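1. Predicted model and sequence follow; I will ask about them next.
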Amino acid sequence: MQVARLLLLPFSLIYSAILFLRNRLYDWGLLNSTRSKVPTIVVGNLALGGTGKTPFTDYLLAHLKPHFSTAALSRGYGRSTTGYLQVSTTSEVKAVGDEPLLLAYRHPKTQIAVCEDRVAGIEKMLSEKDRDIDVIVLDDAYQHRKLKGDVYVLLTTYHRPYFRDFVLPAGNLRDPRSERHRADIVVVTKCPPSLTPDERSVITRHLDVTKGTPVFFTHLEPVGYIEASTKQPAQTPESAVIVSSIADHAHFEAQIKRQVKVLNHLKFPDHHSFDSKDIQRIADNIDSFVKDRPVVITTEKDWMRLAQFQDNLKNIQVLYQPVNMNFLDDENKFQDHLIDLVRHARRV
């Protein structure tokens, strides 16, 4: 694998140069970038997926709510539609995407929409007359340079921070490391809760952020299991078959293994569109371990796409595991800093 990445390095250097030029053209004003009429918080990363953008966006929506009338706009990755669509709990996952639908379930009173063109999407959101909006959170928009955001929050994972990665195709970065300097806040996600202050200092030094840019450390905290058919809390099972279609299978499996005997892990590509053959494969796996009486455990995001097959799964106990994003420390500092940035970005 390492040899293959080395062979791809020349292509990464070429691609990195193209990305660098593109970003500088936006910085120099040679390519047009539009600022919204209301402040925007851009959440994103330099890498391809798996950094915890959705749990972080969920956190922002919950904690900005007491201070601002907040909305969220996403591309709606993996959806079958195009253009602008509002998202609610009655939306179809194929139409809006799994992550926006999850956010709609968690924040039913918050205006959530999808649009691949963020500038057009924001204009459409602001044209809606049913509610006022003070700030818009944009999920996965760090590379969307047509929009000039007000607050940029850059996420990077503890296990694979951007300073240990390379630009595609040799690595998983979709922007050069130099783009870290656009961030107003950097958040290291999926940290072990036991990460010491000295270890954080070492990571902060390697992140090499712009002077004055604060760095925060977070971890994902599972909050029990939910019975998919009833939406009620469920007891921790003894054994399970895991089903996931996310970017970071290993992290999810490690969380489950702390309490549950994992008999098998069915791994699908991120944002996989499940079909009847997949459901049959899940059922066959459960049948093969019938003596262990296992349940199916999946992620909350994956259940957004599996729910349409609920009738096919009625003879199988399916649990999903919600996760919340928690700060290791300095949470109040983060919230105060973010709120100050948004207030300073308010239009007169």
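-> In hand now; what should we look at? Numbering: from 1, shown residues only.
2. Helix or strand: which one has Leu19?
-> Counting by DSSP states H and E, the element that carries Leu19 is helix 2-27.
3. Leu102: what's it in contact with?
-> Contacts for Leu102 (CB atoms under 8 Å, 6 or more residues apart in numbering) come out as 54, 58, 300-301, 304. The C-beta positions use only the backbone N, C-alpha and C, and glycine is treated the same way.
4. Which pair of those residues spans the longest distance?
-> The largest separation in these, counting by CB to CB, is between Asp58 and Met304 at 13.2 Å.
5. so where's the stretch 101-250 of the chain uncertain?
-> The stretch 101-250 of the chain contains residues with pLDDT under 70 at 129-130.
6. Would you state the strands of it in chain order?
-> Ranges of strands within the stretch 101-250 of the chain are 111-114, 135-139, 151-157, 185-189, 215-222, 225-227, 232-234, 239-244, based on DSSP state E, counting those that start in this stretch.
7. From the contact counts, what lies against the fifth one?
-> Right, strand 215-222. Counting by 3 or more CB pairs under 8 Å, 6 or more residues apart in numbering; DSSP states H and E, the packing neighbours recorded for strand 215-222 are strand 185-189, helix 197-207, helix 249-257, strand 323-327.
8. just the fourth one next, same as before
-> Contacts defined by 3+ CB pairs under 8 Å, 6+ apart place strand 185-189 against strand 151-157, helix 197-207, strand 215-222, helix 331-344.
9. Next up, the contacts around the residue nearest to Asn324 when sequence neighbours are not counted.
-> Of all residues not flanking Asn324 in the chain, Glu221 sits nearest, at 5.1 Å (CB to CB, 6 or more residues apart in numbering). Applying CB under 8 Å, 6+ apart to Glu221 gives the contacts 323-326.
10. returning to that earlier point: let's have the strands of the stretch 101-250 of the chain in a markdown table, adding distance to His206.
-> Below are the strands of the stretch 101-250 of the chain laid out as a markdown table (distance: least, CB to CB, whole Å):
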| stretch | distance to His206 |
| --- | --- |
| strand 111-114 | 35 |
| strand 135-139 | 26 |
| strand 151-157 | 10 |
| strand 185-189 | 10 |
| strand 215-222 | 11 |
| strand 225-227 | 36 |
| strand 232-234 | 40 |
| strand 239-244 | 30 |
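11. So the residue nearest the centre of the chain versus Ile286, what's the distance?
-> When the chain is reduced to its mean C-alpha position, the nearest residue by CA atoms, centre = their mean turns out to be Lys53, at 2.5 Å. To Ile286, Lys53 is 31 Å away according to CB to CB, to the nearest Å.
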